[in-house]
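have a look; sequence and predicted model below, questions after that.
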Amino acid sequence: MNGVWTFKEKKPKVKSSDKQYFLNSILTQIVVRIIIQEKGEVCLPFENISSNLIRGNIDAFILKVLQEQDRYGYEIIKSILRKSGNAYELKEPSLYTSLKRLEKEHYIQSYWGDESLGARRKYYHITSDGIEYLHRAILQWQSAQKIISKVLMGGTKNG
């Protein structure tokens, strides 16, 4: 039906290779932005860059702020905003989708705080598995950044 998806048709499946390409293209765009900033060159304000550019790293962002201390949802959002220099604000639906996924994977645990300071809040704590996952995510990011930098910023002597 010319690529149009209707109610009666099955939703097309996304191949893992398509997901990998999507994540790699996002990573490329993020790395290019970082390189431009490190060189002191002008780049577009973050608002002009699609949030898709960082979507693949939201779990790592959350784990990184939870590594510092346990937090509830709003604190996680504000911490990421602060760490990004007010350039990126994680939206609540994305936050809670990621929190559910991270909890299902046993990378975080949740618990209810006490009510002594107002409303009862659900706090999140990073687990040892979550710390290991965060370290792997950082290493993968660094490896990808090196490769992308080599290709986009000059290649090798033999290249």
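Everything's here; your move.

for stretch 94-112, measure first residue to last.
21 Å (C-alpha to C-alpha, to the nearest Å).

ok, residues contacting that stretch?
For stretch 94-112, the external contacting residues (C-beta atoms under 8 Å, 6 or more residues apart in numbering) are 55, 58-59, 62-63, 66, 73, 76-77, 120-127, 129-130, 133. The way it works is simple: take the backbone N, C-alpha and C, and place the C-beta from them, glycine included.

those residues, buried ones only, as a ChimeraX selection?
The buried residues among the contacts of stretch 94-112 can be selected in ChimeraX (16 or more other C-beta atoms under 10 Å) with this line:
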select :58,59,62,63,66,73,76,77,121,123,124,126,127,130,133
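
by mean pLDDT, flag the weakest helix or strand of the protein.
helix 16-38 (a mean of 58; mean pLDDT, DSSP states H and E).

packing partners of the next helix or strand after it?
Next along the chain after helix 16-38, taking DSSP states H and E as the criterion, comes helix 58-68. In this structure, helix 58-68 packs against helix 73-83, helix 92-104, strand 108-112, strand 122-126, helix 128-152, with contacts taken as 3 or more C-beta pairs under 8 Å, 6 or more residues apart in numbering; DSSP states H and E.

adding mean pLDDT, write the ones you listed out as CSV.
Shown next, in CSV, are the helices and strands packed on helix 58-68 (pLDDT from 0 to 100):
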stretch, mean pLDDT
helix 73-83, 96
helix 92-104, 96
strand 108-112, 97
strand 122-126, 97
helix 128-152, 90
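
just these: most buried one?
Greatest average neighbour count among those goes to strand 122-126 (a mean of 18), per mean count of other C-beta atoms under 10 Å.

so it versus helix 128-152, what angle?
Angle of strand 122-126 versus helix 128-152, following axes from the mean of the first three to the mean of the last three C-alpha atoms, to 10 degrees, is 70 degrees.
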